[in-house]
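Chemist: Structure of the sequence below:
(one chain, ligands or ions: 1)
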Amino acid sequence: MNKAKKIWFNNKYISWDKAKIHVLTHALHYGSGVFEGIRCYETSLGPAVFRLDDHIKRFYHSAKFLKIKIPYSSQEMKEAVLKLIKINKVKNCYIRPICFYGYGKMGLDPDGAEINVYISLWEWPKYLKESVKVKISKFIRLHPQSVVSSAKVCGYYVNSIFATFDVKKEGYDEALLLDYRGFVAEGPGENIFMVKNKTLYTPKLGSILPGITRDTVIKIAKDFGYKVREKDIALKELFRAEELFFTGTAAEITPIIQINQYKKKIGEVSSKIRNYYKDIVTGKVKKYYQWLSFAN
Ligand code: PMP
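Modeler: Modelled structure (predicted):
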């Protein structure tokens, strides 16, 4: 792991090696925390965080469902992220805010446990390979009546870990999970798009995390004249797609070159979207400057 110098903890900057927790931390036992994954990119005007406002908004949205009152304003959180980048003197990094029930209470009702907020960052150039081989997992995405699908809750990720184990043992790079009805949902940490006849299709909201990269792709696709449809996608449609790609803050735009036994090519649409996304996040597209928060 690429260690940084400092981690933000409850409004203080502490050294990386001092960011430790008690074994009776509530969230360690029950997953009772929420987190974000954000990226910062080097631009000609200095390091810039991509869609920071939207990530912080989702952080508060997630916290609400776990009855966590984050004891800092969203403005304070945004400033903390930007200052942490400066303090650590990094240009390209992945940023991980997390807020969770800590020490002081065992038992499932976390009321009474302390609330801890941390922001860590590190250099994480690649989350997935340049292109990936994907298999449908036997594990399905969490039922929307079992969880709040739009919240990014720590405990949910055990579902993603199971799906990942399931396909990695067969030599695939990444899993794809179906929803409880058998329609395509998402990857363990990515949303998915398929391309047919210059139209992009992506699963509609319901069982998936409303990804910020997914939203970015929906908004930028029309700059190329591509149509976008959010809909239920059946497996046989996915297998017949011309192109497939994953989207995510960590994964960025990652083409899928195989889904189960079906090989796919990295097509023109995926390549154009991938390159455009890279240009946008690195400050080369004026039109989308409003998505960048500069850290200098
Ligand atoms: N789905 C899941 C389950 C995720 O964990 C992520 C990563 N946050 C995504 C989709 C993609 O979301 P985003 O584009 O906001 O990073």
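
Chemist: got the contact list for the residue nearest to Ile233 when sequence neighbours are not counted?
Modeler: Nearest non-adjacent residue to Ile233, counting by Cβ to Cβ, 6 or more residues apart in numbering: Val184, 4.2 Å away. Just so you know, the C-beta spots here come from the backbone N, C-alpha and C atoms, and that holds for glycine as well. When the contact criterion is Cβ atoms under 8 Å, 6 or more residues apart in numbering, the partners of Val184 are 176, 178, 192, 203, 233-235, 238.

Chemist: again with Glu170
Modeler: Lys135.

Chemist: hang on, the earlier thing: in strands, which of the contacts of Val184 appear?
Modeler: If you go by DSSP state E, the contacts of Val184 have 176, 178, 192 in strands.

Chemist: ok, those vs the ligand, which is closest?
Modeler: Ile192 (8.9 Å; Cβ to the nearest ligand atom).

Chemist: Would you mind listing what in the stretch 151-296 of the chain touches the ligand?
Modeler: Residues of the stretch 151-296 of the chain found near the ligand (Cβ under 6 Å from any ligand atom) are 186, 189-191, 209, 211-214, 247-249.

Chemist: Counting neighbours, which of the residues you listed comes out on top?
Modeler: Glu190 (31 neighbours; other Cβ atoms under 10 Å).

Chemist: That residue touches Leu209, doesn't it?
Modeler: No: contact criterion Cβ atoms under 8 Å: Glu190 and Leu209 do not qualify, at 9.3 Å.

Chemist: Can you say which of the contacts of Val184 are buried?
Modeler: Buried members of those, counted by 16 or more other Cβ atoms under 10 Å: 176, 178, 192, 203, 233, 238.

Chemist: Tabulate these in CSV, adding columns for pLDDT.
Modeler: Below are the buried ones among the contacts of Val184 laid out as CSV (pLDDT from 0 to 100):
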residue, pLDDT
Leu176, 98
Leu178, 98
Ile192, 98
Pro203, 98
Ile233, 98
Leu238, 97
